[in-house]
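**Student:** Requesting a structural model of the entry that follows:
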Amino acid sequence: MKSIKNVTIIGAGALGAAYAGLLYDRDEKSVSFIAAGERGERLRRLGVIVNGRHYPVPVLDPDKIDRPADLVIVAVKNHHLDQAIGEMKRAVGSETILLSVMNGIDSEERIGAVYGMEKVLYAVNVGIDALREGNRVTYKNQGRLLFGEVRNMVRTERVRRVKEFFDGAGIVSDVPEDMVRTLWWKFMINVGINQASAVLGAPYGTFQTEPEAQALMESAMREVIGLAAPAGVHLTVADVDNWYAVLDSLNPSGKTSMLQDVEAGRKTEVEMFAGRVVELGRRYGVPTPVNERLLERIRGLEARRRGA
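**Tutor:** Prediction:
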């Protein structure tokens, strides 16, 4: 079984930086970022600082990549994915494995439409409590990376290769039997906690202790459960309960990525969360009033931040 030695990450946000730091600790020659233009120059100049340590991770210009990677980790925001797909072209060879750790339920298909689904593995991170300010990322809990093929009753060779590599790098991971259900479960979580935190301006601790905040979060999540069945995915209210075990492990002062985006005046992923829920609701004839309101409110927050 061929081992993974050369990893390229596209996206140097909280998750991309956290994984880059872990991989750099394992072997500083094994990991690099892909970034173009001013973004690439800034990343070369400043590097990333993860939990107080500076990591001068090499940065590859998309037009000058001279060899394919064994593994490409895609860690960009949803609205940057099309650009990322183009920029990673020279890093993708005949045996490259593509792993998206993005939010949402369709990034794998979008990547696979260009490079072939035979290169793509599905993945989500559950439970990281990272905070990002500029090139600085801090976290107490790296969470767990759930990844694999669509179905994993038996692990394929490439899944075994990636699992072996992650274990060696100290990246906590697991391989669920049903990755589509796992993607929808994470989608349900994000629709709840990310959006509720953004409109309330609240950290994880609020959702660990405050019933009113929990009620808003859960009402958005239940609308995803209502959409899952017509989409052919089995989610139940027990999946909401399972989320609380993860939530309670997070740093109470930690903030969701959407709240951090709102506070920093960055574009959020609301179109991929509430926007997608509303779209699917119309497709399946399922009412989604909570997410319709969240979509309107978060769009309003974005507009006010841009005008500030």
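**Student:** pLDDT at R158, what is it?
**Tutor:** R158 is assigned 96 on the pLDDT scale.
**Student:** can I assume it sits in a helix?
**Tutor:** Yes: using DSSP: H, G, I helix; E, B strand; the rest coil, the assignment for R158 is a helix.
**Student:** Look at A123 and give its secondary structure.
**Tutor:** Secondary structure, three-state DSSP: A123 is strand.
**Student:** so where do the helices sit in the stretch 151-300 of the chain?
**Tutor:** 157-169, 179-189, 195-200, 204-209, 211-228, 237-247, 257-264, 274-284, 289-307 (DSSP state H, counting those that start in this stretch).
**Student:** Make CSV out of the ones you listed and add mean neighbour count.
**Tutor:** From N, CA and C alone the C-beta is placed, and that goes for glycine too. Formatted as CSV, these follow (neighbours: other CB atoms under 10 Å):
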stretch, mean neighbour count
helix 157-169, 17
helix 179-189, 22
helix 195-200, 24
helix 204-209, 18
helix 211-228, 19
helix 237-247, 14
helix 257-264, 20
helix 274-284, 18
helix 289-307, 16
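**Student:** Those helices into JSON lines, with extra columns for distance to A75?
**Tutor:** Below are those laid out as JSON lines (distance: least, CB to CB, whole Å):
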{"stretch": "helix 157-169", "distance to A75": "14"}
{"stretch": "helix 179-189", "distance to A75": "14"}
{"stretch": "helix 195-200", "distance to A75": "20"}
{"stretch": "helix 204-209", "distance to A75": "21"}
{"stretch": "helix 211-228", "distance to A75": "23"}
{"stretch": "helix 237-247", "distance to A75": "20"}
{"stretch": "helix 257-264", "distance to A75": "11"}
{"stretch": "helix 274-284", "distance to A75": "20"}
{"stretch": "helix 289-307", "distance to A75": "22"}
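**Student:** Which among those helices is found nearest to L15?
**Tutor:** Closest to L15 of these, according to CB to CB: helix 257-264, at 8.5 Å.
**Student:** For burial, what's the neighbour tally of the closest residue to A169 other than its chain neighbours?
**Tutor:** Nearest residue to A169 in three dimensions, chain neighbours excluded: R26, at 4.4 Å (CB to CB, 6 or more residues apart in numbering). Applying other CB atoms under 10 Å, we find 15 residues neighbouring R26.
**Student:** R26 and Q142, how far apart?
**Tutor:** Noted for R26: a distance of 14 Å to Q142, by CB to CB, to the nearest Å.
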